[in-house]
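Novice: below: sequence and its predicted model.
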Amino acid sequence: MSETDPKPEVSEKIPKEPTDRYKDGLPPLNIFLHWCKGCNICIAFCPQKVLEPDRDGKPILARPEKCTQCAICWLHCPDFAITSNYK
């Protein structure tokens, strides 16, 4: 860049990262990974595809904002490893 080239302008309206991603500061679900055996029933049954397997095959909240609290995951979990923070 030479001295005659204008400097790129920095936008002052840069969107900031939300400090609170979840309602009331809590994720929609608690997943107790130490109880989970990685059967993936919760991942298969989730109608909104909120859960995805991690590298160990256990569920993680991939899209928590899409969780509708339908209760399918925690009602079908054989290990009782999933609970809701909202219900």
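Specialist: In hand now; what should we look at?
Novice: only C-alpha atoms for contact and neighbour calcs from this point on.
Specialist: Fine.
Novice: so which bits of stretch 69-76 are buried?
Specialist: Ala71, Cys73, Trp74 (16 or more other Cα atoms under 10 Å).
Novice: the strand or helix carrying the last one packs against which elements?
Specialist: Element membership of Trp74 [criterion: DSSP states H and E] is helix 72-76. Under the contact criterion of 3 or more Cα pairs under 8 Å, 6 or more residues apart in numbering; DSSP states H and E, the helices and strands touching helix 72-76 comprise helix 41-45, strand 82-84.
Novice: just to revisit the earlier point, can I get the buried residues of stretch 69-76 in a markdown table with distance to Leu61?
Specialist: Converted to a markdown table, these look like this (distance: Cα to Cα, whole Å):
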| residue | distance to Leu61 |
| --- | --- |
| Ala71 | 14 |
| Cys73 | 12 |
| Trp74 | 13 |
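Novice: return the member of those nearest to Tyr86.
Specialist: Ala71 (10.8 Å; Cα to Cα).
Novice: show me where the protein dips below the pLDDT cut-off.
Specialist: The model of the chain has pLDDT under 70 over residues 1-24.
Novice: quick one: the strands in it?
Specialist: Along the chain, counting by DSSP state E, strands occupy 29-31, 51-53, 59-61, 82-84.
Novice: next, format those as a markdown table and append mean neighbour count.
Specialist: Output for the strands of the chain, formatted as a markdown table (neighbours: other Cα atoms under 10 Å):
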| stretch | mean neighbour count |
| --- | --- |
| strand 29-31 | 18 |
| strand 51-53 | 19 |
| strand 59-61 | 21 |
| strand 82-84 | 18 |
